[in-house]
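Chemist: need a 3D model of the following:
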Amino acid sequence: MHIAVAGNIGSGKTSLTELLAHHFGWKAHFEDVEDNPYLADFYEDMTRWAFNLQVYFLKSRFSSVQAIRKAGNTVIQDRTIYEDAYIFAPNLFDMGLMSRRDFDNYESLFEVMSEMVQPPDLMIYLRASIPTLVEQIQMRGREYENNIRLDYLKRLNERYEAWIDKYTNGKLLIIDANKIDFIKNKSDLSMIIDKVNAELNGLF
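Modeler: Numbers count the residues shown, from 1 in each chain. The predicted structure is shown next:
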């Protein structure tokens with residue numbers, strides 16, 4: 001099976017992916033952040049590097065999904081190819097940070113790739129408010145994220161909600177990250193585990 005964890009920057013995707021992988025014995029597949037050659041440059045100059053960054057993520061995510069489906073075991077993935085295409089790229093275009101030419105080119109690439117991508121068996125969406133996102137981004141202390149603007153996070157959140165509201169590609173589990181702390185509180189993590197079990201196995 002393929003489980004995916006979706007959510008805005010700082011919503012807790014990586015932490016939840018790690019915890020669920022450990023509990024269920026799944027293989028975890030993480031977003032390529034530390035080795036991404038464009039990410040730091042992007043936060044310094046979004047207009048210059050927006051297209052490069054999105055194409056890199058698209059390529060990386062497509063390769064990941066293909067590998068996950070060929071692996072034959074259960075994998076939980078941190079972020080999805082859909083978030084790149086339906087949230088991050090169009091947001092950059094609407095903000096004037098990606099040209100029409102580059103955006104059209106990106107969309108064409110995604111359309112070709114999406115025909116060869118099978119959606120996750122379960123999508124877990126971490127819903128988080130801007131204050132929650134900012135707090136968690138500051139706590140993890142990635143230097144290149146210091147330049148993320150609040151209006152950028154807000155626009156992303158709006159797009160996430162619009163995307164999730166219309167998501168029909170498969171099973172969907174929404175977790176409100178504002179009201180729980182699944183890292184420090186074992187009962188909160190247990191609640192999520194129960195919900196995941198229910199979606200995958202129909203136990204509840």
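Chemist: so which elements touch the strand or helix carrying Ala6?
Modeler: Using DSSP states H and E, Ala6 maps to strand 2-7. For strand 2-7, the packing partners by 3 or more C-beta pairs under 8 Å, 6 or more residues apart in numbering; DSSP states H and E come out as helix 13-24, helix 46-71, strand 75-78, strand 122-127, helix 150-165. (Glycine included, C-beta is placed from N, CA and C.)
Chemist: hey, which of those is tucked in deepest?
Modeler: Mean neighbour count, computed with mean count of other C-beta atoms under 10 Å, is highest for strand 75-78 among the helices and strands packed on strand 2-7, reaching a mean of 24.
Chemist: list of residues touching the helix or strand just after it?
Modeler: As assigned by DSSP H and E, the chain's next helix or strand after strand 75-78 is helix 81-83. For helix 81-83, contacts defined as C-beta atoms under 8 Å, 6 or more residues apart in numbering pick out 6, 58, 61-62, 64-65, 110, 113-114, 117, 119, 160, 163, 169.
Chemist: please pull up the helix or strand immediately following helix 81-83.
Modeler: Elements were assigned by DSSP H and E; along the chain past helix 81-83, the next helix or strand is helix 89-94.
Chemist: got the angle between the next helix or strand after that following helix and helix 46-71?
Modeler: Per DSSP H and E, the first helix or strand lying C-terminal to helix 89-94 is helix 100-114. Relative orientation of helix 100-114 versus helix 46-71 (axes from the mean of the first three to the mean of the last three C-alpha atoms, to 10 degrees): 0 degrees.
Chemist: what does helix 100-114 contact?
Modeler: For helix 100-114, contacts defined as C-beta under 8 Å, 6+ apart pick out 50-51, 54-55, 58, 62, 81, 84-85, 89-90, 92-93, 98.
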